[in-house]
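Novice: structure here, sequence nowhere to be found:
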DNA sequence: GATTAGCTGTCAGTTTCACGTCAGCTTGAT
DNA sequence: ATCAAGCTGACGTGAAACTGACAGCTAATC
């Protein structure tokens, strides 16, 4: 899942990025409002963590313009403790959740996860497909009571495919969701990851179908 | 989705039309205000992209009369950079969004998408025809809860036919829709693609009728 | 700091299949 | 009957996708 972190505090920025990356997100970080606003006109994210106190363009403005553009990407805002008024203002402007500094890292992560889920699976922490049960909280995929042994990349791909259910996901989309700005992978790399995941899923009656020129989609295996 | 582009600049007109068509819109283009106004009295659109500087009847007038007729079709206006005053005037008159020239094509498309999403209830970009449901955002065609297995070309053709509903679509239009700029395909190629798609749709009670010398149209199968 | 194990991207050789071409046929208008 | 427009099965081709092998990297263990 691709996450945008808008935060100007150096220490916080680094800490959060590190922790999100570790949790398997593709993270982009930007530290001023103007840049964030510009970035958001052409790049889609699954979730945005937005500090309100920003240089150049306030977090409010960024949020307001994002919503004005019709985006419904989930946004979590970070506010200072005493700043109740701004918190309310943020929610009015279309934020989906807020957190007051200082906060527990675990709580932030939990809320971010909740936001991502809300849009897709009706808020449930576990999404099932065929015989698979994908646990978004622990980032684990179970078959019965056995955990599938998947690598980080495979897990991230499966997460994306399972969230999109039976919809076609293009190779470019996959690249975008697995990678943040600085890293970059080839189309062939995606093919390789697909190939490896496909082999593992096939055993459990789940198939990754290829739609030539368009992308991939998850489907139940038709047993002929 | 049906889009009206009102623009008199030749180059801009062509570029925008091409790009919108490629993105799967059914695009009508008209280059003067009077014509636009007339057209809008009897033709509904999902979204209108309206340049303000037009011959015969200004964009303002077109917009004003449209709203006076009680229409709430989303309108995005294009203005020159320095023209802040007109921008404000446009928004007052009932435009839903504006963009100043010069602009990024990607941004225009994003905003148009946003307008459509905002307007349509639930943001469903789905068009149904007979038993088919065509999902334009995911580029997928469903019958019940099964996804039709179509190739890229077939999908593009079906998209065009379904967007134009029961109207006749000429072979040339199809060629334009399926090909970009440089590549080019023969008329016979179109016939082949039609033939292949036709076979797949027939199973689901949807027919592609041939109108000799004019083109093709989508129709519900009459079971005699 | 050496060793090992697992992950992940690159490469190259192979396979697959979508699509345009063609040819022969059908249809329909005059 | 003639002719043009359209249909469609067969086929070849080239691009897209697949995948086994490999190498660089990281993280863990001793």
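Specialist: Perfect, I can see it now. All figures in this text were calculated on a predicted structure; none of them were measured in a lab.
Novice: which of the helices and strands in chain A ranks last by mean pLDDT?
Specialist: Scoring the helices and strands of chain A by mean pLDDT, DSSP states H and E places helix A:84-92 at the bottom, with a mean of 73.
Novice: what's the neighbour count on the residue of chain A found nearest DNA strand C?
Specialist: Proximity of chain A to DNA strand C (Cβ to the nearest atom of the strand) peaks at residue A:151, 2.6 Å away. All C-beta atoms are positioned from the backbone trio N, CA, C, and that covers glycine. Residues lying near residue A:151 (other Cβ atoms under 10 Å in any protein chain shown) number 12.
Novice: from residue A:39, how far out is it?
Specialist: Distance of residue A:151 to residue A:39, given as Cβ to Cβ, to the nearest Å: 29 Å.
Novice: quick one: secondary structure of residue A:3?
Specialist: State at residue A:3, reduced to three classes by DSSP: H, G, I helix; E, B strand; the rest coil: strand.
Novice: residue A:127 bridge partners, please.
Specialist: For residue A:127, the beta-bridge partners are residue A:134 (DSSP bridges).
Novice: tell me how many other residues surround it.
Specialist: Neighbour number of residue A:127 under other Cβ under 10 Å is 19.
Novice: quick check, pLDDT for it.
Specialist: Here the pLDDT value assigned to residue A:127 is 85.
Novice: please tell me I have it right and residue A:206 contacts residue A:134.
Specialist: No. If you go by Cβ atoms under 8 Å, residue A:206 and residue A:134 don't touch, sitting 10.9 Å apart.
Novice: which stretches of chain A have low pLDDT?
Specialist: Within chain A, the stretches with pLDDT under 70 are A:81-84, A:86, A:119-124, A:223-224.
Novice: go with 80
Specialist: A:42, A:68-70, A:80-93, A:117-125, A:137, A:165, A:181-182, A:222-224 (pLDDT under 80).
Novice: what residues does it put near chain B?
Specialist: When proximity is defined as Cβ under 8 Å from any Cβ of the partner chain, chain A approaches chain B at A:41-42, A:68-72, A:166-168, A:211-214, A:217.
Novice: now, which of these lie within helices?
Specialist: Among the residues of chain A next to chain B, the ones falling in helices (DSSP state H) are A:41, A:42, A:68.
Novice: so which of those residues are also by DNA strand C?
Specialist: When contact is defined as Cβ under 7 Å from any atom of the strand, these do not meet DNA strand C at all.
Novice: same list, those, but as CSV with neighbour count please.
Specialist: Putting these into CSV (neighbours: other Cβ atoms under 10 Å in any protein chain shown) gives the following:
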residue, neighbour count
A:41, 15
A:42, 11
A:68, 13
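Novice: enumerate the residues of chain A near DNA strand C.
Specialist: Selection of chain A residues close to DNA strand C by Cβ under 7 Å from any atom of the strand yields A:149, A:151-154, A:178, A:185-186, A:188-189, A:192-193, A:196, A:212-213.
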